[in-house]
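Enquirer: sequence-free structure coming up:
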């Protein structure tokens, strides 16, 4: 690459860092790339760092030493997360969204890349230091959200199937009891999709009693993995017996009046911890 | 926001544009945001434009006039796409990936945000001028790929269900015949998820005879929508009767030797058009 001026370097470094969250990039990489002195690169990075922080893009962490470099950590402040999720509350509280069984229609939200990106970034901020190596979810509503989170953590997604698929090869299956409907269901995970001893972050869109998340945790035990976090977009409040103890929710459905089609949403437990 | 210097402006404009592909941003927005003259903003944009083009990030299109502004169009050149997809061929040709029924294990690729992003960007480049307003796919393997594509086109994703779900509300269902197995199957789409008269881009991970894609097209007719494109990551070559005429594939599986576990992949039809 030809020698670049500072202005062009700033643009390129910005796009390079944004595309590789959580990845340590040695300063020498940039220095060689642009034919610049390391001191110039450091100055460039301090400009980017300041802007990323004031604009709420995230943090730039510099690691010193021979194995050092710079890392972009996507970060949404709690205050900003409050604003984003309050906006979602307003959208989701509209009466027409209530479906039979007390479910909430969220398919439009879960299909909107811009909104998903904002929510995935919040999850990635919360679990930035969890050490997660994989994001896991169960098909199929939670997939886009898990993917959005994984993008900001820059780690793979693994999908648990509710219906065994021929294209998965050999799978490990378990039966689990859905916490709310008490029905016995099956979920399975392709053997080769989950390396043993992985650290796993579970992400899902909706949690009632937590039977599905509990099932995923049980399934993970078969793979000798460690669950380092559980994040759900929405939980229902007032559940008699929750099957999962530790989890983060961003929204909580506190009231559902099926006759009058009224829904009340509040911020989830993350905001009260 | 306080008045920014050029260096900080460049970083902020870069991140702002990258986060909003295909969206027209008026120059006055930036000018007001940074307290700068429009002429300075234009100079900034020409620096970003040049870098985006030389580095293969994409195009910056400037629209003149009162309703004008600047738009970031993610773009992967055909040459770069060839390199990316040849790399995928190599990864996917490993013998252990062949599963019963002639399927190919691709779950790891379809769960890797970085790879998905690269492939989604290729699809978004190909269909950049299609006018697509929605990306549609069928659950569940194709979801991450559809989402990656939709991100770069900055449009929503709509997911067709193979199993009707209580959380979808009222749905429209059709029966279709799987082209390869000749079995009758059902797919359904939530009524409210698809506005009538929409322009739809269909994205899927795998296509044999094309029965699933054909089914999606039939389903879309019920919604009075127009299909403006069909993109599949991989097709199987040598299919006797293809149920879909116009589609783009990025990879083609030309040979499957189940006994010797040999797979031969080639570039898809996009590269030969």
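Expert: Nice, thanks for sending it over. Just so it is clear, the structure is predicted and the values come from calculations on it, not from any experiment.

Enquirer: Correct me if wrong: residue A:148 contacts residue A:119.
Expert: Yes. Counting by CB atoms under 8 Å, residue A:148 touches residue A:119, with 6.7 Å between them. Every C-beta, even on glycine, is put in place using the N, C-alpha and C of the backbone.

Enquirer: can you count the residues close to the residue lying closest to residue A:98 once chain neighbours are set aside?
Expert: In space, and not counting its chain neighbours, residue A:98 is closest to residue A:261: 5.0 Å by CB to CB, 6 or more residues apart in numbering or on different chains. The number of residues packed near residue A:261 is 12, by other CB atoms under 10 Å in any protein chain shown.

Enquirer: Residue A:90 now?
Expert: Neighbour tally, residue A:90, other CB under 10 Å: 9.

Enquirer: three-state assignment of it?
Expert: Residue A:90 falls in the helix class when you classify it by DSSP: H, G, I helix; E, B strand; the rest coil.

Enquirer: Could you report the separation of it from chain B?
Expert: 18 Å (CB to the nearest CB, to the nearest Å).

Enquirer: With residue A:89 instead?
Expert: In terms of CB to the nearest CB, residue A:89 sits 18 Å off from chain B.

Enquirer: The most centrally placed residue in chain A: which element?
Expert: Centroid-nearest residue in chain A: residue A:149, 2.7 Å away (criterion: CA atoms, centre = their mean). If you go by DSSP states H and E, residue A:149 is part of helix A:143-153.

Enquirer: Tell me how far the following helix or strand past that helix lies from the chain's centre.
Expert: The helix or strand immediately downstream of helix A:143-153 is strand A:157-160, counting by DSSP H and E. Its chain's C-alpha centre and that of strand A:157-160 lie 13 Å apart, by CA atoms, centre = their mean, to the nearest Å.

Enquirer: And for stretch A:69-87?
Expert: That offset, for stretch A:69-87, works out to 12 Å (CA atoms, centre = their mean).

Enquirer: Where do the strands of the stretch 1-150 of chain A begin and end?
Expert: Here the stretch 1-150 of chain A has its strands, by DSSP state E, counting those that start in this stretch, at A:58-63, A:69-74, A:98-99, A:103-104, A:134-138.

Enquirer: any weak-confidence spans in the stretch 1-150 of chain A?
Expert: Residue ranges of the stretch 1-150 of chain A with pLDDT under 70: A:1-2.

Enquirer: Chain B contacts on that one?
Expert: With CB under 8 Å from any CB of the partner chain as the criterion, the stretch 1-150 of chain A meets chain B at residues A:6-8, A:10-12, A:14-15, A:18-19, A:47-48, A:50-52, A:55, A:57, A:99-101, A:103-108, A:111-114, A:116-117, A:139-141, A:143-144, A:147-148, A:150.

Enquirer: So which bits of the stretch 151-273 of chain A are right by chain B?
Expert: Counting by CB under 8 Å from any CB, the stretch 151-273 of chain A sits next to chain B at A:151, A:154-159, A:161, A:163, A:165-169, A:190, A:192-193, A:206.

Enquirer: Quick one, which of the residues you listed are buried?
Expert: Neighbour counting by 16 or more other CB atoms under 10 Å in any protein chain shown classes A:151, A:154-159, A:161, A:165, A:167-169, A:190, A:193, A:206 among these as buried.

Enquirer: Tell me the buried residues in the helix holding residue A:149?
Expert: Neighbour counts over helix A:143-153 (16+ other CB under 10 Å) mark A:143, A:144, A:145, A:146, A:147, A:148, A:149, A:150, A:151, A:152, A:153 as buried.

Enquirer: which ones are touching the third one?
Expert: I take that to be residue A:145. Residue A:145 makes contacts with A:110, A:116, A:119, A:120, A:123, A:137, A:203, A:204, A:205, A:233, as judged by CB atoms under 8 Å, 6 or more residues apart in numbering or on different chains.
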